[in-house]
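**Student:** What shape does this take:
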Amino acid sequence: MTLRPLLALQIAFLLAGTAAPRRLAMLGVVVEAYRAYLGDSAVSAGATVYDGDHFSTEEGGALRLRCNAALLDLTGKSTILVRRMGNETQDPETEAELVEGTLVFSTERTNGLEIESREAHIRSAGNSRTVAQVSVTGPKKLHIYARRGAVSLSYRGESQTIAEGESYEVILDPPEDDSGKKQAAQKGGRSPKTFLLVAAGAGVGAAAVIVYEEHKHKHIESPDHP
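**Tutor:** Residues are numbered from 1 along each chain as shown. Presented below is the predicted three-dimensional model:
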């Protein structure tokens, strides 16, 4: 009886004393894409999203991904890496690392999606519909807008909840002036805060993400109505 090719390949690896290559986990699908790339290649709607994929957009480009129960909308000049969190026996969770630019995400549950940027972690603060925007504005600065529902921000052991409708500039590892050092000494050498929140406007691009079809752009429905 002839062995199936896959089984034969696995046996060959075992005989050679080498483990079979790990199968990449499927995380979702590309819903819309314009001037968008997977690695160095142009990507289009319908492409499968795998663990470890690297997506980017040009100036004026846009990309929408659906991963598990979440939607990820990437605006122009933005870059993300998507990863699977947890092991194969658990309900998969997606982590999207925002390297540059702006990401609008929509999710229904707390443990379905986590956004990482500059080592800060952002996720829904409750198991209800959440829509939020995260932008990289500097080497140690983020802009977070909780458009619908509250989000939780954590960074190096500290956490803060951003309520629905609130928008903040987040300063990571803020410099401490002399008065701050004196206050810390008076409190028994307590470590300085790892981040500061400064109230800000919602910012351009929080309300909608632009995608394109047949070289003519149009506004798609916001993540509030996917």
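
**Student:** Return the residues in contact with the closest residue in space to D53 that isn't next to it in sequence.
**Tutor:** With sequence-adjacent residues excluded and distances taken as Cβ to Cβ, 6 or more residues apart in numbering, D53 is closest to V82, at 5.2 Å. Using the backbone N, CA and C atoms, a C-beta is placed for each residue, glycine as well. By Cβ atoms under 8 Å, 6 or more residues apart in numbering, V82 lies in contact with 27-28, 49, 51-53, 55, 65, 67, 72, 94-97.

**Student:** Just the residues you listed: which are in strands?
**Tutor:** Those of the contacts of V82 mapping onto strands are 27-28, 49, 55, 65, 67, 72, 94-97, per DSSP state E.

**Student:** ok, of the residues you listed, which one's closest to R118?
**Tutor:** R118 lies nearest to E97 out of these, by Cβ to Cβ, at 9.6 Å.

**Student:** Verify the stated contact: the closest one with L72.
**Tutor:** No - under the criterion of Cβ atoms under 8 Å, E97 makes no contact with L72, lying 11.4 Å away.

**Student:** Looking at these two, which has the bigger crowd around it?
**Tutor:** L72 (27 against 17; other Cβ atoms under 10 Å).

**Student:** Bridged to I80, which residues?
**Tutor:** Applying DSSP bridges to I80 yields these beta-bridge partners: F55, L98.

**Student:** Now do the contacts for it.
**Tutor:** Neighbours of I80 in contact, by Cβ under 8 Å, 6+ apart: 54-56, 72, 74, 96-99, 103.
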